[in-house]
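Visitor: Need a 3D model of the sequence below.
(one chain, ligands or ions: 1)
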Amino acid sequence: MKQAPELAAKARGMEVRMRRLRTTHAMRQLVREADVRPHKLIQPLFVVEDESAAGPISSMPGILRMTKGQALEECRALHDAGMGGMLLFGLPKVKDAAASSNADPDGIVQQTVRAVKDALPDFVVIADLCNCEYTDHGHCGVLNARGDIDNDATLDLLARTALSYARAGVDVVAPSDMMDGRVRAIRAALDDDGFTHTAIMSYAAKYASAFYGPFREAANCAPQFGDRRTYQMNPANGREAMREIELDIQEGADIILIKPGLAYLDIVAQARRRFDVPLAVYNVSGEYAMLHAAAEKGWIERETAIDELLVSFARAGADIIITYFAKEYARRAG
Ligand code: PBG
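Guide: Below you'll find the predicted structure:
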C-alpha cells in the first residue's frame with residue numbers, strides 16, 4: 001500500500017483539476033453555462049371580472065387575483081423590471097355549459113388585453129386559451145350528449161375565442177386544453193381574419209398532473225366530475241410528448257410549451273434536442289406552493305432554491321420560463 005505523502009505527490013501532478021474554475025465568484029460566473037435573465041421570464045396573472053373576488057389565493061401565498069386595474073399596474077411593474085411578458089388567465093362572472101363568456105368581445109380577458117396593450121404596446125401579452133375557467137362543469141371542452149368532452153365542437157369555440165383575443169390585441173394565444181387539432185383550427189381562424197401576426201404558443205405536452213392543485217383554487221376551475229385524463233397526458237409517457245410536439249409544430253405552433261416543469265425536465269431536454277422551435281416550460285402552481293411552504297417552515301432557503309429551480313429549466317433547454325416567481329426573481333437578478 002502507498003504511503004499518504006506519495007498519494008499527495010501524485011495528486012499534485014494531476015492534469016485535471018475541476019476546482020480551478022470554481023475559485024472565485026467572478027471565475028464561476030465566467031464559466032457558467034445556463035443563465036436566467038428577466039427577459040426570458042413570463043409572469044402568470046389572474047384577472048377577475050367580479051371585482052369582489054379579487055384578493056389573495058390561500059394556496060399560493062404572494063399571488064393575487066387582480067382586478068383589471070390592478071393587472072394593468074402589475075404589468076407596468078413587470079415591464080419596468082424588464083420581464084419577458086405576462087400570461088393572462090381570466091376569471092369570468094358567469095360560467096355555463098358552453099363557456100359562452102370566453103369569446104365575448106367584452107369579456108374580462110379581452111378588456112384586460114386592450115387596457116394593457118394600449119398602455120404598454122411593446123410589452124408581450126399572452127392569453128391562456130382554455131374553457132375550464134368558463135364552463136360550469138370545469139372541463140376544458142364542451143360536453144356531448146353522453147357527457148364526454150366533444151373534441152371537435154370545442155375546436156370551434158377555441159377558434160372563436162382566439163379570434164376575440166386577437167382582436168383585443170394579444171400578441172400570443174396559448175391553448176392549454178389539449179384537444180386534438182386545436183392549433184390548426186386556431187391558426188386557420190386567425191389567418192382568415194387577417195391576424196397572421198398573432199402567434200400561437202401551444203401547451204403541446206401538458207400532463208394530467210397533481211401539481212395544478214393550487215391553480216384550480218386560484219382560477220376556480222376544478223372539474224366537477226371525473227378528471228382531465230381523457231385529454232391531458234399520462235405522466236408516464238415521454239415518447240408521446242414528442243409526437244404531441246411534432247403535431248403541434250406541423251399544425252402551426254410558433255412556441256412549444258411543456259408543463260409541468262420540475263417533474264418533466266427530461267421531456268424539456270428531449271424536446272430541445274429534437275426540435276428547433278422556441279421551447280417554453282411552465283413552473284406550475286404546485287411547484288410554487290411546495291417551495292413556498294418548505295421555505296416558510298425554514299426547511300429550505302427560499303432565494304437559493306428559486307435560483308436553482310429556474311436555472312434547471314434553462315439548463316434543460318427551455319428558452320422561456322413561465323413562473324409565479326418571475327417578478328420576485330427579476331427584481332433580484334435584473
Ligand atoms: C387550464 C390551465 C391549468 C393550468 C394552466 N392552464 C389547469 C389545469 O389544466 O387543470 C395550470 C397552471 C398551474 O398549475 O400553475 N387548462
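
Visitor: Give me the next element, helix or strand, following the helix or strand of the chain with the lowest mean pLDDT.
Guide: Sorting the helices and strands of the chain by mean pLDDT, DSSP states H and E puts helix 4-12 at the bottom, at a mean of 72. As assigned by DSSP states H and E, the chain's next helix or strand after helix 4-12 is helix 25-30.

Visitor: what's in contact with that following helix?
Guide: With Cβ atoms under 8 Å, 6 or more residues apart in numbering as the contact definition, helix 25-30 has outside contacts at 21-22. In short, each C-beta sits where N, CA and C put it, glycine included.

Visitor: Return the distance of it from the chain's centre.
Guide: 31 Å (Cα atoms, centre = their mean, to the nearest Å).

Visitor: on that earlier part again, would you mind writing the CA trace of the least confident helix or strand of the chain as PDB?
Guide: Presented in PDB, the C-alpha positions along helix 4-12 are these (Å, rounded to 0.1, in the frame of the first residue of the first chain):
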ATOM      1  CA  ALA A   4       0.000   9.100   2.200                       C
ATOM      2  CA  PRO A   5       2.800  11.500   1.100                       C
ATOM      3  CA  GLU A   6       3.200   9.600  -2.100                       C
ATOM      4  CA  LEU A   7      -0.500   9.900  -2.800                       C
ATOM      5  CA  ALA A   8      -0.300  13.600  -2.200                       C
ATOM      6  CA  ALA A   9       2.600  13.900  -4.600                       C
ATOM      7  CA  LYS A  10       0.700  12.000  -7.200                       C
ATOM      8  CA  ALA A  11      -2.300  14.300  -6.700                       C
ATOM      9  CA  ARG A  12       0.000  17.300  -7.200                       C
END
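
Visitor: Can you give me the buried ones in that helix?
Guide: The neighbour-count check on helix 4-12 (16 or more other Cβ atoms under 10 Å) flags nothing as buried.

Visitor: Pretty sure residue 117 sits against residue 125.
Guide: Yes. Residue 117 lies in contact with residue 125 (Cβ atoms under 8 Å); the separation is 6.0 Å.

Visitor: Between these two, which has more neighbouring residues?
Guide: Set side by side, residue 117 and residue 125 show more neighbours around residue 125, with 24 against 18, by other Cβ atoms under 10 Å.

Visitor: What distance do you get for the more buried one to residue 227?
Guide: 31 Å (Cβ to Cβ, to the nearest Å).

Visitor: Now the common contact residues for residue 117 and residue 125.
Guide: 169-170.

Visitor: Bridged to the residue nearest the centre of the chain, which residues?
Guide: The centroid of the chain falls nearest to residue 282 when counting by Cα atoms, centre = their mean (3.5 Å). Legend: beta-bridge partners of residue 282 under DSSP bridges are residue 322.

Visitor: Quick check: pLDDT value at it.
Guide: Listed pLDDT for residue 282 reads 98.

Visitor: Against the ligand, how distant is it?
Guide: Distance of residue 282 to the ligand, given as Cβ to the nearest ligand atom, to the nearest Å: 6 Å.

Visitor: do the same with residue 191
Guide: Per Cβ to the nearest ligand atom, residue 191 is found 24 Å from the ligand.

Visitor: same deal with residue 303?
Guide: Applying Cβ to the nearest ligand atom to residue 303 and the ligand gives a distance of 21 Å.

Visitor: what's the nearest residue to that residue if we skip its chain neighbours?
Guide: residue 332 (6.9 Å; Cβ to Cβ, 6 or more residues apart in numbering).

Visitor: Does the one you found touch residue 302 like I think?
Guide: No. Shown here, residue 332 and residue 302 do not form a contact pair, counting by Cβ under 8 Å, at 10.8 Å.

Visitor: Show me which residues of the stretch 151-300 of the chain sit near the ligand.
Guide: Within the stretch 151-300 of the chain, the positions adjacent to the ligand are 176, 212, 215-216, 228, 284-285 by Cβ under 6 Å from any ligand atom.

Visitor: Among the residues you listed, which ones are in helices?
Guide: 215-216, 285 (DSSP state H).

Visitor: Flag the least confident of these.
Guide: Across those, the bottom pLDDT score, 92, is held by residue 216.

Visitor: need the strands for the protein, in chain order.
Guide: Taking DSSP state E, the strands of the chain run over residues 41-48, 55-56, 64-66, 85-91, 125-129, 172-175, 199-206, 255-259, 279-283, 320-323.
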